[in-house]
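> structure for this input, please:
(chains A and B)
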There are 2 protein chains.
Amino acid sequence: MVEREAAELFEEFKELTASEFFRRNKQMLGFSGKIRSLTMVFHELITNSLDACEEAGIQPDITIDLKRLDKDHYILKHTDNGPGIPEAYITKVYCTMFAGSKFRNIQSRGQQGLGCSGCVLLSQMTTGKPAKVVSGYREGGKDKGLKGVELTFKMDVKKNQGLILDRKDAEVTQTGVSIELHFKDVSYSLSEQGAFEYIRRTMIANPHTKIKFRDPTGQIFIFDRATDIIPPLPKEVLPHPRGVTADDLIFMAKHTDKRRFRSLLTSSLSRMSTKRVNEIEEETGIDLNKRPRDMKWEEAEKIVELFARMDFMAPPTSGLIPIGKEQIDKGIREILNPEFAATTTRKPKTYRGGVAFVIEAGISYGGDSGRLVGDQKKAEIMRFANRVPLTFDQGSCAITEALKSIDWKRYGIRDLDNAPITVFVNIVSTNVPYLSTGKQSVAPEPEILHEVRQATMKIARNLQKYIRAKRAAKEEAMRSKIFENLVPVIIREAAVLAETDVPEYDSVLAKVTRRAKFENIPLESEEGEDES
Amino acid sequence: MVEREAAELFEEFKELTASEFFRRNKQMLGFSGKIRSLTMVFHELITNSLDACEEAGIQPDITIDLKRLDKDHYILKHTDNGPGIPEAYITKVYCTMFAGSKFRNIQSRGQQGLGCSGCVLLSQMTTGKPAKVVSGYREGGKDKGLKGVELTFKMDVKKNQGLILDRKDAEVTQTGVSIELHFKDVSYSLSEQGAFEYIRRTMIANPHTKIKFRDPTGQIFIFDRATDIIPPLPKEVLPHPRGVTADDLIFMAKHTDKRRFRSLLTSSLSRMSTKRVNEIEEETGIDLNKRPRDMKWEEAEKIVELFARMDFMAPPTSGLIPIGKEQIDKGIREILNPEFAATTTRKPKTYRGGVAFVIEAGISYGGDSGRLVGDQKKAEIMRFANRVPLTFDQGSCAITEALKSIDWKRYGIRDLDNAPITVFVNIVSTNVPYLSTGKQSVAPEPEILHEVRQATMKIARNLQKYIRAKRAAKEEAMRSKIFENLVPVIIREAAVLAETDVPEYDSVLAKVTRRAKFENIPLESEEGEDES
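All right, here's what the predicted structure looks like:
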């Protein structure tokens, strides 16, 4: 065999754009399998609409129309009433990967700058058809300046940018974006991982949203909002000292406009006062009046090590906006129409020392709770992160792990899998620790596992009381029934034996049985909040 | 709540480079968890060295030195004897993401242009230290022109390129690359998913390789090559018509220098003769003399649909280079030192109609086979794709699924989990259908499942014969032992009774027991290759 020279081997060396890269690796965007691919498209578009509405302070109103043209050829039209996209940004949003406005330390649904452009890429790869976007947006104040534009474009993958085929002014009556995309090699499904279920779950976690969905058979589903309260806009919070690495400090120092490291620290991190900075200076012996760019790695590392030993207040939780137990309750009642539901929102906690998070949980019983397998009801676990349904990789998720670790028998549920219940868990955080690329499962941080368990056990106790009371009432009703049936016979026979008239017994009997019913509902003592 | 305008929301819109993106999403590169992160680094560097040596026709000789400076601070020095990297390409290889020379339809270990630059990124993110590379390479023929250069550099993540801190000429005696990287927040482990096991498995699938490894305790492991045969260089094969999509055809048409679509087809696809092209023209009614750029999506789609109905020869398999059953046998014997081993390499098959693949399997029993859990031996499944060990996501992999579906009791193994065996499976293909981003599991295509089952059942039968024979021999030996112990006593007692001398019986007895041993080894009929 002849050895080949390096120069020859490197002749074919080339660089790909992000779009070219993901064209070759679309599974990295979650596009694998027909059902999953379509669900991911719904996910990206809905998530984007909800984030945009929330940022703009608008109550979301989304219309989705999915038409089937052919076996596996669909047209998806997705319309929202968000703030719209200024013309100059439209192709950037939809055709440039790694571009976005959400790369901040904020609790938002999407964060990667890949979602929308990924949908356009998939559409183009499977059908060759261009995307069509109509955007209505305001420029220069509320009353003047509602502009409308319609763009038809393709993605130039070699350049990672849009290629506009057609542009015209559009008449619009409100702000918002409407996008039309063709897809092949995808499949609409009613299964647990399908697009329909994705919408249903989104509605439970976002009860302030309205979604109108026309499915491929032409049937129209209107998921109405269960509440008028728009969730407050999460604030961008400064990272907590316990949550930063030396690399983060150096990166901040490199790209700051502050002139001293001291002011960089107080302005870029939360819980960082002048007093604190002085302590750091004293403990580490580093001169913090130096210019940020002069900060050495070893010094950054020393500071981070000190952070781990210093006592800080927990991170500010103003950046965390939970759904709230009342809102979850409304969402569950609207969508699952249950016999019983209980919900809870825990207090903020932190994982890895400095990242704040909140766990919320709901449990519902009866009605449309659980999922129907054949003609049997099975338990259903609905996982959410920042209100976004997590549909895949259930097995490896902290939420699933925590739920399976609970001793459900203690709560009157002999066999979790076969109970007609739905368990809802939402984790709220500026930094959800996702396990995988597709952001479909949460890493099993001990603090998160603990909180999911506590939240769920609390509402499971409420469910247990309900089930016990229901069972007791049923038994009691049966006993009363027997009593009501027997007593008249005895009275009549007794009257015959005594050779007297049958006395008037109805009112007395009613009193007795009613009392019996009330007396038999078991009283339970409130249990403490934390249990092991 | 005040509504905000689109323009205001888009003020913060920005584009990230690939490096910035992965700095924020390092789990997408497989860097999650301390043990896994270090194993991924070993994986990327070893894979790159093996590919480079193979492409250059060199017998790989790799030296890895892992020093622990502090609790979780390591220095890794990785040296190979490959063709080296020309100076102009060094920072591109190590600092530019999505850059590489392997974006072809060729069976190679790495393919994403992310590996090496990912290691540099992780090093920089966890330690802030620069990377140091010494490259020796030839320019202009074998004898003249061995050049050596040493570069010290960082990655400029905002620019997705290298930033050279220091450059000097280096004295080198041979070609090859040596890279030195610092890491923190990683952990060296002897576990199944750790770096050491990764090397061990690499050796089994690449018995032509030599690896010298110095572990953090200073112990030196020399994994010697078990064979001198360098695997032939896989050829780049043209895609099979059944394996291309309409998008692929349009993409080819856009970036070709051919002047007619007709010649694009014959030159870009395998099994595509002029006769075939004429058939396509006739069947579809499309004028194939048109310029490639004039090809419409609908026409490309029509052609792809026709491909699905036409009879084609299977894809050429010259692009597939299996390890070979003899070589796997050598690898297993070198590393596992087993009592018994059997290996097989199946004939090429295709999945999804047009992608060729080969399954190879090996089974070994006794010696260092299986993995030790406590003081008990458990079965060990070693999965490989194009000779690269797959370490994570075992549960979702087609190889695991196929192995679990086999009725092992039929092969004398009552409980697969608790048998002291190692099962080795390698899939060879230009397009391994990976399930996940990290390329750690294979999609369960029906043809792949079938082939893994067939290959494994074949060698399991050989193992069964060995185990049966071994068991029979052992029982026979026991029986013979009893015979040998009893007969002398009977003879002596008989002699006493008969009042004669004890006769000479040793030679007669030996003859009898030896015959008995041979007679009792069960004969088995050869079974057919395919079973359901």
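> quick one: low-confidence residue ranges for chain A.
Counting by pLDDT under 70, chain A contains low-confidence residues at A:1-3, A:101-113, A:141-144, A:436-438, A:512-532.
> show me the helices in it, by range?
A:6-9, A:18-24, A:34-56, A:90-95, A:115-127, A:195-205, A:246-254, A:261-268, A:274-284, A:297-309, A:325-336, A:398-404, A:446-498, A:506-519 (DSSP state H).
> how about the strands in the stretch 151-300 of chain A?
A:161-169, A:176-183, A:210-214, A:220-223 (DSSP state E, counting those that start in this stretch).
> can you say which of those is nearest to A:Glu87?
If you check each of the strands of the stretch 151-300 of chain A against A:Glu87 by C-beta to C-beta, strand A:161-169 wins as the nearest, at 8.4 Å. From N, CA and C alone the C-beta is placed, and that goes for glycine too.
> how about A:Glu44, nearest residue that isn't a chain neighbour?
Spatial nearest neighbour of A:Glu44, excluding adjacent residues (C-beta to C-beta, 6 or more residues apart in numbering or on different chains): A:Gly115 at 3.6 Å.
> residue contacts, that neighbour?
Counting by C-beta atoms under 8 Å, 6 or more residues apart in numbering or on different chains, A:Gly115 touches A:His43, A:Glu44, A:Leu45, A:Thr47, A:Asn48.
> okay, now the first one: neighbour count?
Burial of A:His43 is recorded as 26 neighbouring residues (other C-beta atoms under 10 Å in any protein chain shown).
> swap in the fourth one?
Other residues near A:Thr47 come to 21 when the count uses other C-beta under 10 Å.
> A:Phe251 - how many residues pack around it?
Look at A:Phe251: counted by other C-beta under 10 Å, it has 18 neighbours.
> which residues touch it?
Going by C-beta under 8 Å, 6+ apart, A:Phe251 touches B:Val157.
> quick one: it from B:Glu15, how far?
The gap separating A:Phe251 from B:Glu15 is 17 Å, by C-beta to C-beta, to the nearest Å.
> one more: A:Glu476?
In terms of C-beta to C-beta, A:Glu476 sits 68 Å off from B:Glu15.
> same check, this time on A:Glu8
35 Å.
> pick out whichever of these two has more residues nearby.
Counted by other C-beta under 10 Å, A:Glu8 and B:Glu15 do not tie: B:Glu15 has more neighbours, with 16 against 12.
> just give the nearest non-adjacent residue to A:Gly176, would you?
Spatial nearest neighbour of A:Gly176, chain neighbours left out: A:Asn81 (4.3 Å); criterion: C-beta to C-beta, 6+ apart.
> so that neighbour touches A:Gly57, yeah?
No. Using C-beta atoms under 8 Å as the test, A:Asn81 is too far from A:Gly57 to be in contact (11.9 Å).
> closest to B:Pro420 out of the contacts of A:Gly115?
Of those, the one sitting nearest to B:Pro420 (C-beta to C-beta) turns out to be A:His43, at 46.2 Å.
> not counting its neighbours along the chain, what's nearest the closest one?
Leaving aside its chain neighbours, A:His43 sits nearest to A:Tyr198 (6.3 Å; criterion: C-beta to C-beta, 6+ apart).
> count of residues packed around A:Glu476?
So A:Glu476, with other C-beta under 10 Å, has 17 neighbours.
> pull the number of nearby residues for A:Arg497.
Just to correct that, residue A:497 is Leu rather than Arg. 8.
> please report how far A:Asp247 lies from A:Ala308.
15 Å.
> between those two, who's got more neighbours?
Between A:Asp247 and A:Ala308, counted using other C-beta under 10 Å, the more crowded position is A:Asp247 (21 against 11).
> and that one, what is it in contact with?
Going by C-beta under 8 Å, 6+ apart, A:Asp247 touches A:Ala300, B:Gln124, B:Met125, B:Thr126, B:Gly128.
> just to revisit the earlier point, neighbour-wise, which of A:Asn81 and A:Gly57 wins?
A:Asn81 (22 against 14).
> one step back: deepest-packed of the strands of the stretch 151-300 of chain A, please.
strand A:176-183 (a mean of 23; mean count of other C-beta atoms under 10 Å in any protein chain shown).
> elements contacting it?
helix A:34-56, strand A:73-79, helix A:115-127, strand A:131-138 (3 or more C-beta pairs under 8 Å, 6 or more residues apart in numbering or on different chains; DSSP states H and E).
> can you give the domain ranges for chain A?
Split into domains by automatic domain parsing, chain A comes to A:18-223, A:241-309, A:315-532.
> quick check: residues of the stretch 201-350 of chain A near chain B?
Taking C-beta under 8 Å from any C-beta of the partner chain as the contact definition, the stretch 201-350 of chain A meets chain B at A:Ile230, A:Pro232, A:Leu233, A:Thr245, A:Ala246, A:Asp247, A:Ile250, A:Phe251, A:His255, A:Trp297, A:Ala300, A:Glu301.
> skipping its backbone neighbours, what lies nearest the fourth one in space?
Spelled out, that is A:Thr245. Leaving aside its chain neighbours, A:Thr245 sits nearest to A:Val304 (6.4 Å; criterion: C-beta to C-beta, 6+ apart).
> the one you found: how many residues sit nearby?
A:Val304 has 17 neighbours, counted by other C-beta under 10 Å.
> again, but for A:Lys511
Residues within reach of A:Lys511, counting by other C-beta under 10 Å, total 10.
> kindly report the same for A:Glu326.
There are 13 residues near A:Glu326, going by other C-beta under 10 Å.
> tell me the contacts of it?
Counting by C-beta under 8 Å, 6+ apart, A:Glu326 has contacts A:Thr343.
> with A:Asn289 instead?
Going by C-beta under 8 Å, 6+ apart, A:Asn289 touches A:Arg260, A:Phe261, A:Arg262.
> distance of it from chain B?
Counting by C-beta to the nearest C-beta, to the nearest Å, the separation of A:Asn289 from chain B is 21 Å.
> do A:Lys235 as well
Taking C-beta to the nearest C-beta, one finds A:Lys235 at 14 Å from chain B.
> and if you look at A:Ala314?
With C-beta to the nearest C-beta as the criterion, A:Ala314 and chain B are 24 Å apart.
> what's opposite the nearest residue to that residue once chain neighbours are set aside in the beta bridge?
Leaving aside its sequence neighbours, A:Ala314 sits nearest to A:Thr350 (C-beta to C-beta, 6+ apart; 5.7 Å). Counting by DSSP bridges, A:Thr350 forms beta bridges with A:Ala356.
> what's around A:Thr350, how many residues?
Using other C-beta under 10 Å, the number of residues around A:Thr350 comes to 19.
> test my guess that it contacts A:Pro315.
Yes. Under the contact definition of C-beta under 8 Å, A:Thr350 touches A:Pro315, with a separation of 6.3 Å.
> shared neighbours of these two, anything?
With C-beta under 8 Å, 6+ apart, A:Thr350 and A:Pro315 have common neighbours A:His240, A:Arg242, A:Ala356.
> which one of the residues you listed is nearest B:Lys377?
For these, the residue nearest B:Lys377 by C-beta to C-beta is A:Arg242; the value is 44.0 Å.
> so the closest one versus chain B, what's the distance?
As judged by C-beta to the nearest C-beta, A:Arg242 and chain B stand 15 Å apart.
> which residues touch that residue?
Contacts of A:Arg242 by C-beta under 8 Å, 6+ apart are A:Phe307, A:Ala308, A:Phe312, A:Pro315, A:Thr350, A:Arg352, A:Gly353, A:Gly354.
> tally of neighbours for the residue nearest to it when sequence neighbours are not counted?
Take A:Arg242 and drop its neighbours on the chain: the residue closest to it by C-beta to C-beta, 6+ apart is A:Gly354, 2.7 Å away. A:Gly354 has 21 neighbouring residues, counting by other C-beta under 10 Å.
> alright, calling it a day.
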